[in-house]
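*Asks:* give me coordinates for this.
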Amino acid sequence: MRKWYSVFAMILFMLTACGRAEKDDPQAKARAEANKAVMEQMAHPKPAYRDGLFDMKLNVERTTVKRGEAIHASATFAYIGGEPKITVYGARSFLGFVIHDGHNFAMDGASTTERAPTELVQGKPLVQPFFKSGGYSSDAPDANYWRGFYAEKELILPPGKYVLAASVSFDLHEDIADRSSYTGSVYRTITVEE
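*Replies:* Okay, the predicted model is just below:
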């Protein structure tokens, strides 16, 4: 009996220690928070927004597709403020896309850090077809999947539920000392059936 008690106590200690190590892991915490946010976006899609300066929409041809079918998407972004035009400062591709499933799939997108000026004319939308950007570790167990994913121009996802988001990030002023950053995003839930 004492032997079983010792084995049980050791197993309980190991499980508790493993759980604590996971709780104390900052990467695991960040991943859990990010996945929680993705699940919230899935539950409450926001395909468009409009504020006093800009209007943004995520256009998706179909939000439910079958395995192997391409997903066709684009985003539109327009300046709607009171001036005839505005210049914003940021990456040349200040509008990008991300895809997450709230578990293991993450195309986080990538951007450059230059501060290029982009002129936006009131009421003239910028239309950006979906494009893939991001990266992966070449020695990761799923590196072959990601290599193929980024090589394929079409957006084809494995069966599951995903959040497809378009986002913008730039500054409203050229002077770094007088930064006025602007960010915005729109997102939809995409379902890929078997």
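
*Asks:* so what's the residue count around Asn104?
*Replies:* 10 (other Cβ atoms under 10 Å). Glycine gets a C-beta too; all of them are placed from N, C-alpha and C.

*Asks:* again, but for Ala106
*Replies:* 17.

*Asks:* where in this structure is pLDDT low?
*Replies:* Residue ranges of the chain with pLDDT under 70: 1-23.

*Asks:* give me the residue at the spatial middle of it.
*Replies:* Val98 (3.1 Å; Cα atoms, centre = their mean).

*Asks:* quick one, phi psi at that one?
*Replies:* Main-chain dihedrals, Val98, degrees, to the nearest 10: phi -140, psi 150.

*Asks:* strands of the chain, start to end?
*Replies:* Under the criterion DSSP state E, strands of the chain are mapped to 48-50, 54-60, 64-66, 73-79, 85-90, 95-100, 106-107, 116-121, 126-129, 160-171, 181-193.

*Asks:* out of the ones you listed, which is the most enclosed?
*Replies:* Ranked by mean neighbour count under mean count of other Cβ atoms under 10 Å, these are led by strand 95-100, which reaches a mean of 22.

*Asks:* gap between that strand and the chain center?
*Replies:* Its chain's average C-alpha position is 4 Å from that of strand 95-100, according to Cα atoms, centre = their mean, to the nearest Å.

*Asks:* given that strand, what are its sheet partners and their directions?
*Replies:* Taking DSSP bridges as the criterion, strand 95-100 forms sheet pairs with strand 106-107 (antiparallel), strand 160-171 (antiparallel).

*Asks:* okay, the angle between that strand and strand 116-121?
*Replies:* 100 degrees (axes from the mean of the first three to the mean of the last three Cα atoms, to 10 degrees).

*Asks:* can you list the domains in the chain?
*Replies:* Domain ranges of the chain: 1-44, 45-193, per automatic domain parsing.
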